[in-house]
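> Fold the following, please.
(one chain, ligands or ions: 1)
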Amino acid sequence: MEELHQMGGVPMGWKFALPKGDPKQGRQVFVKLECYACHAVQGESFPEQPGQVGPDLTGMGIHHPAAYFVETIINPNRIIVVGEGYTGSDGLSIMPNYNEDLTVAELVDLVAYLKSLTPKGGHSHTGH
Ligand code: HEC
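The predicted structure is shown next:
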């Protein structure tokens, strides 16, 4: 216990991790919450983008750890990606906050989906 406290309350090398999610379910969450309204994913067939802007998420899975995706979803203003039209006149991200609507299970699956996005386009069904 003493040692744990000296380490800041976590075992050595500890990192935040999510339980294993289901990318297929996560894709459904992506569609349900209409993330495609602002984010393109090449190789996927979503309803048309109504012209709002956000970064292209094609191949995103290999570029960021899961914890980063969690943060982009539950706290979009923590790190604001710079781009034309990405922020409003208040300087904050135009990405909506989903924290009242999203269950933890949905969040876990949604992140699994984002992690499954490969540079080739679309997503792999293997879970990674
Ligand atoms: C109204 C448009 C809009 C919607 C809807 C939206 N986003 Fe975003 N999203 C943005 C913008 C703009 C940014 C870049 C600014 C920022 O960092 O917040 C962003 C950033 C992100 C990033 C970080 C990308 C990077 O390159 O680091 C991820 C991941 C993401 N969004 C996922 C989602 C998911 C998942 C949903 C649905 C739950 C969603 N977004 C819904 C506009 C949107």
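> what separates the residue nearest the centre of the chain from Tyr113, distance-wise?
What sits nearest the mean C-alpha location of the chain, by CA atoms, centre = their mean, is Phe69, with 3.4 Å. In this view, Phe69 and Tyr113 are 9 Å apart by CB to CB, to the nearest Å. Quick note: C-beta positions are derived from backbone N, CA and C, even for glycine.
> and if you look at Gly51?
To Tyr113, Gly51 is 23 Å away according to CB to CB.
> Who has more neighbours out of those two?
Each of Gly51 and Tyr113 had its neighbours counted (other CB atoms under 10 Å), and the higher figure belongs to Tyr113 (27 against 7).
> mind checking which helix or strand the residue nearest to the centre of the chain is in?
For Phe69, the enclosing helix or strand under DSSP states H and E is helix 66-74.
> packing partners for the following helix or strand past that helix?
Proceeding N to C from helix 66-74, the next assigned helix or strand is helix 104-116, under DSSP H and E. Packing contacts for helix 104-116, counted by 3 or more CB pairs under 8 Å, 6 or more residues apart in numbering; DSSP states H and E, involve helix 23-32, helix 66-74.
> quick one, which of those helices is packed in tightest?
Per-residue neighbour counts averaged over each of the helices and strands packed on helix 104-116 give the maximum for helix 23-32, namely a mean of 19 (mean count of other CB atoms under 10 Å).
> For that helix, name the packing helices and strands.
Counting by 3+ CB pairs under 8 Å, 6+ apart, helix 23-32 packs on helix 104-116.
> List the buried residues of the helix it packs on.
When burial is assessed from 16 or more other CB atoms under 10 Å, helix 104-116 yields the following buried residues: Glu106, Leu107, Val108, Asp109, Leu110, Val111, Ala112, Tyr113, Leu114, Lys115, Ser116.
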